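In: quick one: sequence and predicted model below, then my questions.
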Amino acid sequence: MTVQELFEKALHDPAFWSELQKDPAKAFKEVHQKLTPEQLKSLEPLNYHALEEVATAFGAGATVGIT
Amino acid sequence: MLRHNDSPTLRYSSVHDRQLTQLVVHACDQIQAELERRAPSLGEKVGGWMAHLSPTGKAPDYFLQPRMFPLLRLPLWAARSFAAEPDYEFLADVVYSSVNGYYYVRLLDNLMDGHGTIELKVLPATAFFHTEFQAMYHKYFGAAHPFWEIFRSAWFSASNAVTREIDLDNIHQEDFERVTVVKLAGARIPLAAVGFRHNAGERLRCWEEFTLALARWSQMEDDLFDWHHDLHHGKTSFFLTEASQHKGFESVEAWVIREGFQQGIEKLQRELSALRHLVAGLNNPDVVRYLDLREAILEGQKIRIFEAFQVLKDVAAITEAPTAQTVD
């Protein structure tokens, strides 16, 4: 999955990241991608909670507007 | 909506003072009361729109967000530097005027940007907002007072800049300085009023210079954090123009995540440091505290967003590996 697709998921698909933390194989199967055991292991230690900031900083209506 | 995770304590203790809160609450209440009295059907809809803009659903909180350009704070800070005992009745009127002026611009801006939700239905409120924005100053400045030349100059040049920006397909550095930043010239109006009221003379010039520089910085910040929203709404900005020039074969999103956001935030940090050079002539500790807070907010966002982007890059690197198989 590209970084662009992942960014869009960080903004609009919190369920994907939630599933990724619980069951990465299932999360990627749902987007039609099968990962190797090595890939699944590499995904385990990542801090997915950090991604909440993406929606906070760049989500719809994030701007306070100055004009 | 706030774009950061700062605690309410930080938000409401560092920048805010009780006096500003009271003035803003009073201004919003006054708008609502005037509308209910003079245009009740409009008032009901406008009240809903004002609440809708606010992250808490309470209209005053919209203006009290620390990341918002300090349109309402600047006149208070300036007044305190011009006079040991500022004219607080006048300042209450200035805040009321500025809140109306802000809503006037917000309403039109949301419609022009295509952000509008109920804006079309409350468009007639522009008559109310503009009248209240301007009429307050008639109490203090006669028709021949030099304040009105500043009012016209600032207000019309801002309107002209908004019109020019609509026609731009890209915003390069020169466009940003000559068009985008000029949209913010209206911020000079309440400041000039405070200067005349308190006989600030030449001291006003330092405040005008700082206000326009801060407005410029705030616009850069908005461009950076709104990049995705702007991109998906077909709106150009200085940051997106830079992105299109530097991204090569990448998507804008990939460029922003790889280096664009980092470059943007480092530029904001440099520009914020430069703003501090203008503070010396203002004789006001509130401004220093405000810049300190903005610097802290920015640094916090930088750390959190870099961490988030690193996770995205890591997941992409892992899952883009050639061993991955597509499932039917």
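Out: That came through fine.
In: contacts for the strand or helix carrying residue B:165, please.
Out: Using DSSP states H and E, residue B:165 falls within helix B:147-166. Contacts to helix B:147-166, defined as CB atoms under 8 Å, 6 or more residues apart in numbering or on different chains, come from residues A:67, B:109, B:112, B:134, B:137, B:140-141, B:171, B:175, B:179-180, B:182-189, B:192-193, B:196. Heads up, the C-betas are built off the backbone N, CA and C, glycines and all.
In: can you tell me what sits against the helix or strand following that helix?
Out: Going down the chain from helix B:147-166, the next helix or strand is helix B:173-175, by DSSP H and E. Applying CB under 8 Å, 6+ apart, the contact partners of helix B:173-175 are B:165, B:168, B:238.
In: how far out from the middle of the chain is helix B:173-175?
Out: Per CA atoms, centre = their mean, to the nearest Å, the displacement of helix B:173-175 from the mean C-alpha position of its chain is 20 Å.
In: all strands of chain B, in order?
Out: Secondary structure of chain B (DSSP state E): strands located at B:325-326.
In: for the spatially most central residue of it, what are its contacts?
Out: For chain B, residue B:69 is the residue whose C-alpha lies nearest the centre (CA atoms, centre = their mean; 3.7 Å). Residue B:69 is in contact with A:66, B:184, B:187, B:214, B:215, B:218, counting by CB under 8 Å, 6+ apart.
In: next one, pLDDT for residue 15 please.
Out: Reading this off chain A. Predicted confidence (pLDDT) for residue A:15: 89.
In: actually, chain B is the one I wanted.
Out: 48.
In: now the one 4 residues further on
Out: In the prediction, the pLDDT value recorded for residue B:19 is 90.
In: how close does it get to residue B:192?
Out: 21 Å (CB to CB, to the nearest Å).
In: okay, these two: which has more neighbours?
Out: residue B:192 (26 against 14; other CB atoms under 10 Å in any protein chain shown).
In: spatially nearest residue to that one, not counting backbone neighbours?
Out: residue B:150 (4.4 Å; CB to CB, 6 or more residues apart in numbering or on different chains).
In: neighbours around the one you found, how many?
Out: Count around residue B:150 with other CB under 10 Å applied: 21.
In: ditto for the one 3 residues further on
Out: Residues near residue B:153, counting by other CB under 10 Å, number 14.
In: next one: the one 4 residues further on
Out: Using other CB under 10 Å, residue B:157 is surrounded by 15 other residues.
In: how much space between it and chain A?
Out: Distance, residue B:157 to chain A, by CB to the nearest CB, to the nearest Å: 13 Å.
In: equivalent analysis for residue B:202, please.
Out: 27 Å.
In: give me the pLDDT for that residue.
Out: pLDDT at residue B:202 comes out at 93.
In: then the one 10 residues further on?
Out: According to the per-residue confidence, residue B:212 scores 94 in pLDDT.
In: flag the shaky bits of chain A, pLDDT-wise.
Out: Counting by pLDDT under 70, chain A shows low-confidence ranges at A:60-67.
In: which residues in it form helices?
Out: For chain A, helices defined by DSSP state H occupy the ranges A:3-12, A:14-22, A:24-29, A:37-43, A:52-58.
In: would you mind giving the contacts of residue B:69 as TSV with distance to residue B:281 added?
Out: Output for the contacts of residue B:69, formatted as TSV (distance: CB to CB, whole Å):
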residue	distance to residue B:281
A:66	23
B:184	20
B:187	18
B:214	14
B:215	17
B:218	20
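In: could these go into CSV alongside distance to residue B:65 and neighbour count?
Out: Shown next, in CSV, are the contacts of residue B:69 (distance: CB to CB, whole Å; neighbours: other CB atoms under 10 Å in any protein chain shown):
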residue, distance to residue B:65, neighbour count
A:66, 11, 22
B:184, 17, 23
B:187, 17, 25
B:214, 15, 25
B:215, 16, 25
B:218, 12, 23
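In: show me which of those is closest to residue B:94.
Out: Among the contacts of residue B:69, residue B:187 lies closest to residue B:94 (CB to CB), at 12.2 Å.
In: buried set for the helix holding residue B:165?
Out: Residues B:147, B:148, B:150, B:151, B:154, B:155, B:158, B:159, B:161, B:162, B:165 are the ones in helix B:147-166 that count as buried (16 or more other CB atoms under 10 Å in any protein chain shown).
In: give me the neighbour count for residue B:190.
Out: Residue B:190: 27 neighbours (other CB under 10 Å).
In: residues touching the residue nearest to it when sequence neighbours are not counted, list them.
Out: In space, and not counting its chain neighbours, residue B:190 is closest to residue B:75: 4.4 Å by CB to CB, 6+ apart. For residue B:75, the contact set (CB under 8 Å, 6+ apart) comprises B:91, B:94, B:95, B:98, B:190, B:191, B:193, B:194.
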